[in-house]
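[1] based on what follows, work out the 3D shape:
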Amino acid sequence: MTDTCSRVLQFEKFLNETLKEDLRKALEARDKIFSQISEYLQLKTVIERLKETNLSNSELKTKTDIGCNFYIQAKVPDPSHIFVAVGLGVFVDFTLDEALLFINKKTARLTESTDSLTKKIAQIKAHIKLVLEGLRELQNLSGEVDKPMRDVF
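    Predicted structure coming up:
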């Protein structure tokens, strides 16, 4: 009996301290990448609107968020070039067309990353279900097979 109790405690510890923590980290990483994709797509929309209005030779007046939803009026002397964050705190001066190409490539790479994280999340959830079934079996609990299992998160 004590052997069974110790095994149950080991499984519960593994479930709570390892699997659920790995799942939380993977979900946070995927959400962070989704946020980056959203920002790049917003930038792409702004660049497309700039190209449509054809303001390459004139000055552009805009409002800029300086943080906490505080805006200031800004003047852009040459809206035909834009600085884009390429990663690791590095910004590159692109023409509007170059920026669009970069954004398309970057969002494609980020989407690949989210796909691999989604697969990892599915594996972790499968491991969690497996451990829960093992715990149920160790404790001789009858589980309803017809009833779908509730999602962990």
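[2] for Ile82, grab the count of nearby residues.
    Ile82: 20 surrounding residues under other Cβ atoms under 10 Å. Heads up, the C-betas are built off the backbone N, CA and C, glycines and all.
[3] and the gap between it and Phe91?
    From Ile82 across to Phe91, the span is 10 Å (Cβ to Cβ, to the nearest Å).
[4] flag the shaky bits of the protein, pLDDT-wise.
    Per-residue confidence for the chain (pLDDT under 70) gives these ranges: 1, 55-57, 141-153.
[5] look up phi and psi at Asp65.
    Phi and psi for Asp65, reported as degrees, to the nearest 10, are phi -80, psi 120.
[6] likewise for Asp93?
    Main-chain dihedrals, Asp93, degrees, to the nearest 10: phi -80, psi 110.
[7] beta partners of it?
    Phe83 (DSSP bridges).
[8] next SSE after the stretch of helix or strand Thr62 belongs to?
    Secondary structure from DSSP states H and E places Thr62 in strand 60-65. Remark: after strand 60-65, the chain's next helix or strand is strand 71-76, criterion DSSP H and E.
[9] what are the buried residues along that next one?
    Val76 (16 or more other Cβ atoms under 10 Å).
[10] in CSV, list the C-alpha atoms belonging to that strand.
    The C-alpha coordinates for strand 71-76 follow below in CSV (Å, rounded to 0.1, in the frame of the first residue of the first chain):
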residue,chain,number,x,y,z
TYR,A,71,0.5,60.4,-28.0
ILE,A,72,2.6,63.2,-29.5
GLN,A,73,2.5,64.7,-32.9
ALA,A,74,5.4,63.7,-35.2
LYS,A,75,6.7,64.8,-38.6
VAL,A,76,8.4,62.3,-40.9
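[11] packing partners of that strand?
    In terms of contacts (3 or more Cβ pairs under 8 Å, 6 or more residues apart in numbering; DSSP states H and E), strand 71-76 is packed against strand 60-65.
[12] how distant is the strand it packs on from the center of its chain?
    The chain centre lies 28 Å from the centre of strand 60-65; the measure is Cα atoms, centre = their mean, to the nearest Å.
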